[in-house]
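Asks: the following block contains a protein sequence and its predicted model.
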Amino acid sequence: MTPTDSRALTWSTPPAALAVCAAGGIVLAVAAVLSKDSAGRLLIGLAALALLVMAGVGLRQRPRLAIEPGTADPIVVRGVSGPKRYTPQQVIRARVVNYRRLGRKMPMLELDVNDDGDERLLIFGRWDLGAHPEDVLESLRTHLAR
């Protein structure tokens, strides 16, 4: 959680994680170029591309979720296509749900929102938020109840 001013709160993927993804993509791209095996070059190149795209998408979506109290639409969700703003009245439900992944329970923040008459489910994990989803949910409830 990073305050951008005295009242606004933002959550996003940590910059260090995105830097590691980009560095890994560059290392794999160099390895693909230096590889003698054509099948290996293809697979390593695809892995490099995937890491670089992941880092690019992560940078494009920063900050992933923001609360800007005092504005008409205080909830801002940034995606690949740009930011989308929601009012507290558009949030139908906000909760943390634990999903099983790789034998572990992974908490995910779920927001059901009314998006221009359509119900939309937004799911944020720890990677998206850079914080525990329970902490983000508590901040959402605190700042939007005012």
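Replies: Noted; the coordinates are in hand.
Asks: every contact and neighbour count from this point should use C-alpha atoms.
Replies: Fine.
Asks: tell me, what residue is most central in the protein?
Replies: Centroid-nearest residue in the chain, with Cα atoms, centre = their mean: Asp128, separated by 2.5 Å.
Asks: separation between that one and Asn114?
Replies: Asp128 sits 21 Å away from Asn114, going by Cα to Cα, to the nearest Å.
Asks: quick one on the thing from earlier: so the residue nearest to the centre of the chain: helix, strand or coil?
Replies: Counting by DSSP: H, G, I helix; E, B strand; the rest coil, the backbone at Asp128 sits in helix.
Asks: residues contacting the residue lying closest to it once chain neighbours are set aside?
Replies: Take Asp128 and drop its neighbours on the chain: the residue closest to it by Cα to Cα, 6 or more residues apart in numbering is Thr13, 5.0 Å away. Listed by Cα atoms under 8 Å, 6 or more residues apart in numbering, the contact set of Thr13 reads Gly58, Arg62, Pro63, Arg64, Arg126, Trp127, Asp128, Leu129, Gly130.
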